[in-house]
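Student: what would the 3D arrangement of this be:
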Amino acid sequence: MTAPNPANNPRAFLEHLYQAAVQRALPLHNTAAHLPPPPKGRTIVIGAGKAGGSMAQAVEALWPAEAPLEGLVVTRYQHIPPRPEGLPQRIEIVEAAHPVPDAAGLAAAQRILQMTQGLTKDDLVLCLISGGGSALLTLPAEGLSLEDKQGINKALLNSGANIGEMNCVRKHLSRIKGGRLAAACAPATVVTLTISDVPGDDPSVIASGPTVPDVSTCADALAILKRYNIDVPPALRAQLESGALETPKPGDKAFAGHAVHMIATPQQSLEAAAAAARAAGLTAYILSDEMEGESREVGKVHAALARAVALRGQPFSRPCVILSGGETTVTVRPRQPGDAKGRGGRAGEFCLGLALGLQGQAGVYALAADTDGIDGMEDNAGAFVTPDTLARALAKGMKIDRFLDRNDAYAYFEPLGDLVLTGPTHTNVNDFRALLIL
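Tutor: Below is the predicted model of the structure:
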């Protein structure tokens with residue numbers, strides 16, 4: 001697909017780069033090379049994540065028609081892709097809530113765990129894992145209710161904890177995460193196909209690693225809960241303190257003979273976007289696929305870099321494109337009396353910080369969006385920033401600081417017509433950010 005001219009239509013050009021990144025991460029393009037041959041016995045497909053539906057369909061399309069195939073995968077509500085014409089359904093796909101788990105996710109996790117019972121050494125389990133699986137595959141530890149789990153999950157999401165910290169806690173409060181699902185599959189062989197949405201592409205962090213060993217400990221989980229002042233029921237705290245909720249560790253025989261294949265990563269998607277920019281005649285620079293930190297602050301840092309390029313030609317010469325990925329965080333601020341609840345996610349908050357830092361810098365355009373098509377819990381993937389963002393907002397009586405104070409990126413960018421609206425993309429390789437400097 002021919003790229004729009006970046007000088008004539010910066011917004012369309014940035015959307016083109018985003019779509020190049022998303023296309024690179026679609027499961028059908030990346031799965032075939034990692035599928036094992038059919039086993040002597042049964043092949044069971046299980047899994048969870050925002051890309052679960054498209055991953056399941058990719059396996060159905062690529063698995064030999066004559067070979068048995070069955071299973072269950074859970075994905076986010078409205079994230080099941082349209083079924084290709086003529087593709088028979090052999091894997092059941094169900095939906096549940098994200099980012100806060102619900103009863104549908106609990107029921108799916110119970111069914112998935114039940115499917116692992118009675119497997120033999122002749123059987124194969126294909127586990128399809130992508131970002132979002134932590135919330136979608138929820139099976140609380142003994143003595144912990146779904147309501148308790150929901151409360152802890154909400155507190156973690158609002159705390160500013162990074163994805164590794166959140167998933168450490170989730171592993172130790174679960175009967176299925178942190179390698180426990182792999183242990184339940186014994187003695188069958190387990191092959192995990194995963195799409196990374198975490199900095200560093202650590203499979204033990206993606207969806208809280210249900211089929212891989214866990215090096216974190218109950219003590220680590222307790223330290224994180226203390227660091228962010230998150231309460232848990234006393235009985236659960238006692239189990240963590242005693243080590244009763246410890247996860248399977250590296251070297252555990254439960255993982256013998258298992259394989260993990262990373263079929264799509266944030267870096268690959270950034271490289272695809274960079275290639276698309278270069279095809280349009282622009283130099284492209286990838287800062288990192290592992291950026292973490294407060295979204296607004298990461299936005300301000302990107303703004304400082306873009307201004308240096310625009311004003312001084314350092315450290316890069318313009319015109320150029322600057323790309324980055326990773327998973328930032330949003331610490332939800334206490335609401336002031338009379339304030340409505342803020343709406344928005346990491347990408348929107350990044351854009352607020354970026355716009356504030358750019359201060360209307362000429363020649364700088366940006367898009368930040370989540371590659372799953374959903375920023376937080378809203379219907380947008382992210383937002384655009386242009387040289388006149390602040391001026392157009394002020395003309396509507398909107399001061400950016402006020403929106404930052406209440407974590408309200410959606411309400412800031414919607415009246416400007418600057419939301420990125422894509423709908424679910426059926427994959428997920430985390431945050432995508434592109435700055436075009438002309």
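Student: tell me how many other residues crowd residue 320.
Tutor: Around residue 320 sit 18 other residues, with neighbours defined as other CB atoms under 10 Å. C-beta here means a position set from N, CA and C on the backbone, and glycine is covered the same way.
Student: pull the contacting residues for it.
Tutor: 282, 283, 284, 285, 309, 437 (CB atoms under 8 Å, 6 or more residues apart in numbering).
Student: any idea which helix or strand comes after the helix of greatest length in the chain?
Tutor: In the chain, ranked by residue count with DSSP state H as the criterion, the top helix is helix 295-312. Taking DSSP states H and E as the definition, the helix or strand that follows helix 295-312 towards the C-terminus is strand 320-326.
Student: next, the angle from that next one to helix 295-312.
Tutor: Relative orientation of strand 320-326 with respect to helix 295-312: 160 degrees, computed using axes from the mean of the first three to the mean of the last three CA atoms, to 10 degrees.
Student: so for strand 320-326, mean pLDDT?
Tutor: Averaging the model's pLDDT scores along strand 320-326 yields 97.
Student: same deal with stretch 163-182?
Tutor: Taken as a whole, stretch 163-182 has an average pLDDT of 94.
Student: kindly check the end-to-end length of that stretch for me.
Tutor: For stretch 163-182, the first and last residues are 22 Å from each other (CA to CA, to the nearest Å).
Student: which ones are touching residue 277?
Tutor: Residues touching residue 277, when contacts are defined by CB under 8 Å, 6+ apart, comprise 3, 17, 283, 284, 321, 323.
Student: for the strand or helix carrying it, buried residues please.
Tutor: When elements are assigned from DSSP H and E, residue 277 belongs to helix 266-279. Using 16 or more other CB atoms under 10 Å as the test for burial, helix 266-279 gives 266, 267, 268, 269, 270, 271, 272, 273, 274, 276, 277.
Student: so how far is residue 326 from the fifth one?
Tutor: If I follow you right, that is residue 270. 10 Å (CB to CB, to the nearest Å).
Student: the fourth one now?
Tutor: Here residue 269 is placed at a distance of 12 Å from residue 326 (CB to CB).
Student: low-confidence stretches in this protein?
Tutor: When residues are selected by pLDDT under 70, those of the chain lie in 1, 337-338.
Student: quick one: the strands in it, in order.
Tutor: 43-48, 70-76, 92-96, 124-129, 189-195, 259-264, 283-286, 320-326, 364-370, 382-385, 419-420, 431-437 (DSSP state E).
Student: starting at the chain centroid, how far to the second one?
Tutor: In this case it means strand 70-76. Average the C-alpha atoms of strand 70-76, do the same for its chain, and the two points are 17 Å apart (CA atoms, centre = their mean, to the nearest Å).
Student: what's that strand packed up against?
Tutor: Contact here means 3 or more CB pairs under 8 Å, 6 or more residues apart in numbering; DSSP states H and E; on that basis strand 70-76 packs against strand 43-48, helix 52-62, strand 92-96, helix 103-115, helix 133-136.
Student: including distance to residue 219 and mean neighbour count, could the ones you listed go into CSV?
Tutor: Written out in CSV, the entries for these read as follows (distance: least, CB to CB, whole Å; neighbours: other CB atoms under 10 Å):
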stretch, distance to residue 219, mean neighbour count
strand 43-48, 27, 28
helix 52-62, 32, 25
strand 92-96, 30, 20
helix 103-115, 26, 18
helix 133-136, 20, 30
